[in-house]
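Asks: kindly generate the corresponding structure for this input.
(one chain, ligands or ions: 2)
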Amino acid sequence: MNMNNQVKFNADTCIGCKLCYKSCFIDVIRWNENEKKPEFKYLEDCVHCNYCEIVCPKHCIEIIPDFKGELFHQSFEQYK
Ligand code: SF4
Ligand code: SF4
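Replies: Ligands and ions are numbered 1, 2, ... in the order given. This next block holds a predicted model:
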């Protein structure tokens, strides 16, 4: 869990295809039916698999992980 993960999302170029929403296997992304756009609701649970970025045909998504907050990486000297 990492509260500091961030996402850059370009809603202007999003075509509402839902591929990002369908690709997130841990439900970080919810679907806003009114706007026809994804909502990145639970970024603290994002595991940086980048599926949502990769599947987006319009390159609207950039996931910005905060590796310093990851418990796993805290055991490595270079991430302290
Ligand atoms: S990077 Fe992976 S876990 Fe994170 S929001 Fe995208 S699909 Fe979900
Ligand atoms: S995959 Fe890209 S274009 Fe499709 S809904 Fe998600 S952000 Fe929008």
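Asks: phi, psi for the closest residue to residue 54 other than its chain neighbours please.
Replies: In space, residue 54 comes closest to residue 23 once its chain neighbours are excluded; the distance is 7.9 Å by Cβ to Cβ, 6 or more residues apart in numbering. C-beta coordinates here come from the backbone N, C-alpha and C atoms, glycine included. Note on residue 23: its backbone torsions stand at phi -80, psi -20 [degrees, to the nearest 10].
Asks: correct me if wrong: residue 23 contacts residue 57.
Replies: No - Residue 23 lies out of contact with residue 57 (Cβ atoms under 8 Å); the separation is 11.8 Å.
Asks: just want to know which of these two has more residues nearby.
Replies: residue 23 (16 against 11; other Cβ atoms under 10 Å).
Asks: can you give me the strands in this structure?
Replies: Remark: strands assigned in the chain by DSSP state E are 6-9, 29-32, 37-40, 61-64.
Asks: and the third one, what other elements does it pack with?
Replies: In this case it means strand 37-40. strand 6-9, strand 29-32 (3 or more Cβ pairs under 8 Å, 6 or more residues apart in numbering; DSSP states H and E).
Asks: tell me which residues are up against that strand.
Replies: 7, 9, 11, 14, 16, 18, 20-21, 28-32, 52, 61 (Cβ atoms under 8 Å, 6 or more residues apart in numbering).
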